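> no FASTA, just this:
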């Protein structure tokens, strides 16, 4: 069985085209990761991150790591993390705090009783 050399050329060309298309798709997919992160986190600058991702394609990927960081800086629960958020203590924490205050009062009471007994004992010895 003899394969025509021209057919092998077309097979190689077909493989080359498929690999080239796959690589282009892969590069575009990778550069969209920061945008997808921003979209998932409801980032207020997600469109800017998306546009900067496309710019990064033409800048040889130089700003892409910074886009990744920018997308992760915003936390959907806390925002940018620079605001002071008032955190309400839980009911369990409040109960533990009350229990601690009662124990402190009990210790203070026992200390005063001990001091009174020691003072009474000293007055009897003298």
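Good, I have the coordinates. Quick caveat, the model's predicted, so the values are computed rather than measured. Residues are numbered from 1 along each chain as shown.
> would you tell me which helix is longest in the chain?
Longest helix of the chain, by residue count under DSSP state H: helix 91-125.
> go through that helix and flag the buried ones.
For helix 91-125, a neighbour-count test (16 or more other Cβ atoms under 10 Å) marks nothing as buried. (Glycine included, C-beta is placed from N, CA and C.)
> tell me the mean pLDDT for it?
The pLDDT scores in helix 91-125 average 91.
> packing partners for that helix?
For helix 91-125, there is no helix or strand it packs on, judged by 3 or more Cβ pairs under 8 Å, 6 or more residues apart in numbering; DSSP states H and E.
> quick one: distance of it to the chain centre.
46 Å (Cα atoms, centre = their mean, to the nearest Å).
> now do stretch 38-54
16 Å.
> now do it: distance from first to last residue.
Stretch 38-54 has an end-to-end distance of 15 Å (Cα to Cα, to the nearest Å).
> and if you look at stretch 76-94?
28 Å.
> quick one, helices of the protein?
Using DSSP H, helices in the chain cover 5-31, 33-40, 46-58, 64-73, 91-125.
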